[in-house]
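J.: Fold the following.
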Amino acid sequence: MINEVHTSRKAVAITFDDGPNPIYTPQVLEIFSEAAGKATFFMIGDQMKKNPEVVKQVAALGHEIGNHTFTHPKLSLLSTAECLEEIEQNEVLIKELTGRKPVVFRPPYLDYNQDTVSLLMQKGYPMIGAINLEAQDWEQPGVMHILEKSREGIENGSIFIFHDGYGDRSETIEAVRMLVTELTLQGYQLVTVSELLKWA
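T.: Down below sits the predicted model:
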């Protein structure tokens, strides 16, 4: 599980899980557009099916779409065949909607076992985690909690996790807006996970 990349470049990757969402994903796009940065969206197949236009918009603006399975199950509870189907079904859909196959993967709930690892290695996917798990934005712990716990992880090559899907994500949007402003002022480049991995 890759939570950060050791690099001398002043760059970080900010990621969003469980979208796309018609309300919150466009707000994220706006924040990154103003900051001239790129983000990585780990999207779920069944949400992409509901919001194909949002998927296309994300891709058209040059952000990265990563594989986050089709239905967001705990992969350690599935058979290898079921696991493979979750990954490949989503892969096909992303390629269909964007013309590009995803090249990074994040397991739902960051849950995996040895079978998952072997499967991802066979498929050539790096497994992406994050450095700011204590921010727990999915729990809606308050804007300042999300921001402060994320600040603790700011350094070259950090990967941050937030959520733009499922439930009310307004706290996340607010915290990310503030974090992006701070990072930009500190001279950090906001890049996709793939780009960050190249600099390892």
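J.: helices or strands up against the strand ranked longest in the chain?
T.: Secondary structure of the chain read by DSSP state E shows that its longest strand is strand 11-17. When contacts are defined as 3 or more CB pairs under 8 Å, 6 or more residues apart in numbering; DSSP states H and E, strand 11-17 sits against strand 40-43, strand 159-163, helix 170-185, strand 189-191, helix 193-198. C-beta here means a position set from N, CA and C on the backbone, and glycine is covered the same way.
J.: Ok, which of the ones you listed comes nearest residue 100?
T.: helix 193-198 (10.7 Å; CB to CB).
J.: Helices of the chain, residue ranges please.
T.: 24-34, 45-50, 52-60, 80-98, 114-123, 143-151, 170-185, 193-198 (DSSP state H).
J.: Would you format those helices as a markdown table with mean neighbour count included?
T.: Output for the helices of the chain, formatted as a markdown table (neighbours: other CB atoms under 10 Å):
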| stretch | mean neighbour count |
| --- | --- |
| helix 24-34 | 18 |
| helix 45-50 | 18 |
| helix 52-60 | 18 |
| helix 80-98 | 17 |
| helix 114-123 | 14 |
| helix 143-151 | 18 |
| helix 170-185 | 18 |
| helix 193-198 | 19 |
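J.: got those as TSV, with distance to residue 160 and mean pLDDT columns?
T.: Formatted as TSV, the helices of the chain follow (distance: least, CB to CB, whole Å; pLDDT from 0 to 100):
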stretch	distance to residue 160	mean pLDDT
helix 24-34	12	98
helix 45-50	20	97
helix 52-60	17	98
helix 80-98	22	97
helix 114-123	21	95
helix 143-151	6	98
helix 170-185	8	98
helix 193-198	10	97
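J.: Appreciated, that's everything.
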